[in-house]
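[1] A predicted structure for the sequence below; I have some questions about it.
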Amino acid sequence: MAKNVVIPIGPQHPSLKEPACFTITLEGEKVVNAVVGTGYNHRGLEKACEARSYLQDIYIIERVCGICSHIHSTTFCQSVEELAGVEIPRRAAYIRTLMAELERLHSHLLWLGIAGHEVGFDTLLMYSWRDRELVLDILAMLGGNRVNYGINTLGGVRRDVTPEQIEKIRKVVDIVEERNKYYVQLALSETTLAARLGGIGKLSHDDAIKFGAVGPVSRAAEVADDIRVTDPYSAYDEVPVTAITDNHADVFGRTVVRVLEIMESVKMIRFCLDNLPDGDIAVKVPRKIPEGEAFVRTEAPRGEDAHYVRSNGTDKPDRVRVRAASEANWHGMKHMLEGDYLADVPIIIAAIDPCYSCTDRAIVLDNHDTGKQSVIDWRTLREYSINWYKARGIDTGKIKIADSHLIF
Amino acid sequence: MMKGPGKITGEVLRHVFAKPATISYPKGELVIDKNYRGKIDFDASKCIGCKLCVRDCPANAISIENIGTKEDKKMQLTLNYAHCIFCCQCVDSCNKDAISFSPDIELAGINRKDMIVKL
């Protein structure tokens, strides 16, 4: 019997340009075991939030994810507004919804391009990224930046939408809708795409519920789980939302769900522009937030995003916890990979639209000898790594340990 | 969808005459929206030295000091744009409109010390 081969994929560039290590055990070309190793990109954002005021935290939280930045800041602002007991003006709620749907457009177009690239369909990458650029220009016009729009503030939004901007958004949305019709046709009828994506990365209806999958991954398995429908926030109580589902339960199903969601987002953007109420865009929120705790869920392009904020009555939060969508989808990854071929691994990983930096929260190192947890500083960690290589016969004589890892 | 080898003909012809989706940069003209949040501008005559901007900056990128006398105040803003995250919260926090944002984004340099500027 042939011996099983263990292949580490990552931590550099495992299908996407972010760090994670997938240890794949192969029997021939078939994956028999997969271990998902994340934790390379821990930035300590939650801890950084505890050291800053609520207002400063919006910008920290916005940088949790580079793609769904708006939804994270919306969730955080909503949590703080709930604690402070303020209700945002309707116009602000509509602008938040508009931004969230524009963000979904650019996120899904980005994913479509990446998926095309992973399966060797680079024309799709070029096409969808060309269209995504139009959406990014609109987001830069509205918020002031291409990815970290910074439009949210406590109690509303920072910038209003002008009638000229509305006209520009309408034009872009028309172009995106027209071009997306082609992608929908492509996803539903192109035989090469269906042959390449169909039947791989299976996660059935029951498994999606069992592993707690969220977003397009669960909706592709006929789990009609969309926070915009089940627990409406911002202006979703007025904006008509349809949860797109599919019954393929594989990578092909996830593609179909995403391209159809672009069409839904286009409708929602038009509704927001047509029904944008007049009035203020923000209300005042006190700097000191009353004691309490809040837990808010929203629907990010990748799935359910949940934030927990605990306040101790000061101007700084006591605890901030971010559960990004990708974090929930990793649990089913082992199940999705097992039984498929090695060549399908990159697209299966990419199909959950993973965001590694969203996922990486904390690493706890247990000492195997004593069973106790400990904190090690930067210098000790550096010494440990040098000794680790030295023990393996690598010459580390020329490496000097700097006094501080800080550049400034 | 058209079948057969000729199905890409229409697409090819369209792209031969289409305008490029990309812009020529840095040789061509860079079009930046006037609402874009770039490097901040500072109007010292409007500043009263309340330091709300310093308090609200999430990146600790700005500091304000009085370089004049106690009677004749002259405020100076020191910006470290290597630390700045271009959120422009300082612009919102300023009650006297002394800080504004500009669409200046060409800030790359090779020396970090040059990125600390006095405005």
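    That came in fine, so what should we check first?
[2] got the residues of chain B near chain A?
    Counting by Cβ under 8 Å from any Cβ of the partner chain, chain B comes close to chain A at B:1, B:21, B:33, B:35-37, B:55-59, B:85-89, B:92, B:101, B:112. Placement of C-beta: from N, CA and C, glycine included.
[3] the closest residue to A:Y54 other than its chain neighbours: neighbouring residues, count only.
    Among residues not flanking A:Y54 along the chain, A:V80 sits closest, at 5.3 Å (Cβ to Cβ, 6 or more residues apart in numbering or on different chains). A:V80 has 25 neighbours, counted by other Cβ atoms under 10 Å in any protein chain shown.
[4] surely B:D104 is in a strand?
    No: under DSSP: H, G, I helix; E, B strand; the rest coil, B:D104 sits outside any strand and is assigned coil.
[5] ok, it touching B:K39?
    Yes: contact criterion Cβ atoms under 8 Å: B:D104 and B:K39 qualify, at 4.4 Å.
[6] okay, these two: which has more neighbours?
    B:K39 (17 against 13).
[7] what residues sit buried inside the helix or strand hosting B:V54?
    Assessed by DSSP states H and E, B:V54 sits inside helix B:52-56. By neighbour count on 16 or more other Cβ atoms under 10 Å in any protein chain shown, the buried set for helix B:52-56 is B:52-54, B:56.
[8] so what touches it?
    Here helix B:52-56 makes contact (Cβ atoms under 8 Å, 6 or more residues apart in numbering or on different chains) with A:53, A:55-56, B:62-64, B:77, B:89-90, B:93-95, B:99.
[9] next SSE after that helix?
    Immediately after helix B:52-56, counting by DSSP H and E, sits strand B:62-66.
[10] in stretch B:93-103, what's buried?
    B:93-94, B:98-99, B:101, B:103.
[11] measure it end to end?
    End-to-end distance of stretch B:93-103: 19 Å, with Cα to Cα, to the nearest Å as the criterion.
[12] please apply the same query to stretch A:321-328.
    This stretch, stretch A:321-328, spans 14 Å end to end (Cα to Cα).
[13] show me the contact partners of it.
    Taking Cβ under 8 Å, 6+ apart as the rule, stretch A:321-328 contacts A:45-46, A:61, A:64-65, A:68, A:72, A:212-215, A:300-309, A:352-356, A:358-359, A:361.
[14] check the offset of the helix holding B:V54 from the chain's centre.
    What separates the centre of helix B:52-56 from the centre of its chain is 18 Å, taken as Cα atoms, centre = their mean, to the nearest Å.
[15] and for stretch B:60-76?
    On Cα atoms, centre = their mean, the centre of stretch B:60-76 falls 23 Å from the chain's centre.
[16] still on that earlier bit, between the buried residues of helix B:52-56, which is nearest A:M336?
    Proximity of the buried residues of helix B:52-56 to A:M336 was ranked by Cβ to Cβ; the top entry is B:D56 with 44.0 Å.
[17] measure the closest one to A:T245 for me?
    43 Å (Cβ to Cβ, to the nearest Å).
[18] thinking again about what came up before, let me know the average pLDDT across the helix holding B:V54.
    The average pLDDT within helix B:52-56 is 91.
[19] what packs against the helix or strand of chain B with the lowest mean pLDDT?
    Scoring the helices and strands of chain B by mean pLDDT, DSSP states H and E places helix B:9-17 at the bottom, with a mean of 85. Packing contacts for helix B:9-17, counted by 3 or more Cβ pairs under 8 Å, 6 or more residues apart in numbering or on different chains; DSSP states H and E, involve no helix or strand.
[20] what lines up beside the following helix or strand past it in the sheet?
    Along the chain past helix B:9-17, the next helix or strand (assigned with DSSP H and E) turns out to be strand B:40-42. Its sheet considered, strand B:40-42 pairs with strand B:99-101 (antiparallel) by DSSP bridges.
[21] which element follows the partner strand toward the C-terminus?
    Sequence-wise, the next helix or strand downstream of strand B:99-101 (DSSP H and E) is strand B:116-118.
[22] partners of that following strand in the sheet?
    Based on DSSP bridges, the pairing partners of strand B:116-118 within the sheet are strand B:75-80 (antiparallel).
[23] what lies in contact with the helix or strand just after the partner strand?
    Sequence-wise, the next helix or strand downstream of strand B:75-80 (DSSP H and E) is helix B:89-93. Applying Cβ under 8 Å, 6+ apart, the contact partners of helix B:89-93 are A:55-56, A:59, A:150, A:153, A:158, B:40, B:52-53, B:55-58, B:62, B:99-101.
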